[in-house]
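Chemist: Predicted model and sequence follow; I will ask about them next.
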Amino acid sequence: MTITEMARSFGKNAFVTLVVLCMVGVFSFVSFADEATTDKPATENPAAEATGANDSPPAGKIERAGQATGRGVERAGKATGSGIERAGKATSRGLNRAAEATERGVKRAGKATGKGIRKGGEGIQKGGRAVEETFSGTDSAKEQPQPQQQ
């Protein structure tokens, strides 16, 4: 399995997990919002009861507020879904770019290592020739005539 394939599979797994967690959160939030607006009667204001004023809104207003809350939650769920989708795509693109850059780096390192090994081999050969010349007596410095002293 190449680095690119590993990165892609990791990105897909992470993305799916993130989507599932967000959906669970949105559904539980919607469920709590529904429960809060439909199952319970409007609570009275204890301070208003103490003063004798009854300022509770009419039932229609409460229903409309609940519906507006529900629509808001639905919009938030859709926005979260599209945000997660965009984040997943961006993560995938980023992982692909990183994998490709790593692949290019590995190829460049391989070429540089090969070049270094070739140059090292050439150096070893030159050194070997120099050692052979030194011990065989065919050294270029020995072959030059020495000036005679008088």
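Modeler: Now that the structure is in, tell me what you want to look at.
Chemist: just the helices in this protein please.
Modeler: For the chain, the helices defined by DSSP state H occupy 3-38, 46-51, 59-136, 140-143.
Chemist: Would you mind giving the ones you listed as TSV with mean neighbour count and mean pLDDT added?
Modeler: C-beta here means a position set from N, CA and C on the backbone, and glycine is covered the same way. Below are these laid out as TSV (neighbours: other Cβ atoms under 10 Å; pLDDT from 0 to 100):
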stretch	mean neighbour count	mean pLDDT
helix 3-38	13	66
helix 46-51	9	52
helix 59-136	12	90
helix 140-143	8	54
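Chemist: ok, so what distance separates Thr17 from Ala59?
Modeler: Per Cβ to Cβ, to the nearest Å, Thr17 is found 43 Å from Ala59.
Chemist: One more: Gly127?
Modeler: On the measure of Cβ to Cβ, Gly127 and Ala59 end up 99 Å apart.
Chemist: now swap in Gly110 and tell me
Modeler: 76 Å.
Chemist: And Leu95, by the same measure?
Modeler: Per Cβ to Cβ, Leu95 is found 53 Å from Ala59.
Chemist: One more: Thr102?
Modeler: In terms of Cβ to Cβ, Thr102 sits 63 Å off from Ala59.
Chemist: do Asn13 as well
Modeler: 48 Å.
Chemist: before we move on, what about Arg71?
Modeler: Taking Cβ to Cβ, one finds Arg71 at 19 Å from Ala59.
Chemist: Likewise for Glu103?
Modeler: Going from Glu103 to Ala59 by Cβ to Cβ gives 65 Å.
Chemist: quick one, what contacts Arg129?
Modeler: The contact partners of Arg129, by Cβ atoms under 8 Å, 6 or more residues apart in numbering, come to none.
Chemist: let's number from 32 now, not from 1
Modeler: OK, 32 is where the count begins now, so the last one is Arg160.
Chemist: got the CA positions of stretch 90-110 in PDB?
Modeler: C-alpha atoms of stretch 90-110 as PDB (Å, rounded to 0.1, in the frame of the first residue of the first chain):
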ATOM      1  CA  ALA A  90     -50.400  30.000  22.500                       C
ATOM      2  CA  GLY A  91     -50.000  30.900  18.800                       C
ATOM      3  CA  LYS A  92     -46.900  32.900  19.500                       C
ATOM      4  CA  ILE A  93     -45.300  30.000  21.400                       C
ATOM      5  CA  GLU A  94     -46.200  27.700  18.500                       C
ATOM      6  CA  ARG A  95     -44.600  30.100  15.900                       C
ATOM      7  CA  ALA A  96     -41.500  30.400  18.100                       C
ATOM      8  CA  GLY A  97     -41.200  26.600  18.300                       C
ATOM      9  CA  GLN A  98     -41.600  26.400  14.500                       C
ATOM     10  CA  ALA A  99     -39.000  29.100  14.000                       C
ATOM     11  CA  THR A 100     -36.700  27.200  16.400                       C
ATOM     12  CA  GLY A 101     -37.200  24.000  14.400                       C
ATOM     13  CA  ARG A 102     -36.500  25.700  11.100                       C
ATOM     14  CA  GLY A 103     -33.300  27.200  12.700                       C
ATOM     15  CA  VAL A 104     -32.200  23.800  13.800                       C
ATOM     16  CA  GLU A 105     -32.900  22.400  10.400                       C
ATOM     17  CA  ARG A 106     -30.900  25.100   8.700                       C
ATOM     18  CA  ALA A 107     -28.100  24.600  11.200                       C
ATOM     19  CA  GLY A 108     -28.100  20.900  10.500                       C
ATOM     20  CA  LYS A 109     -27.900  21.600   6.700                       C
ATOM     21  CA  ALA A 110     -25.100  24.100   7.200                       C
END
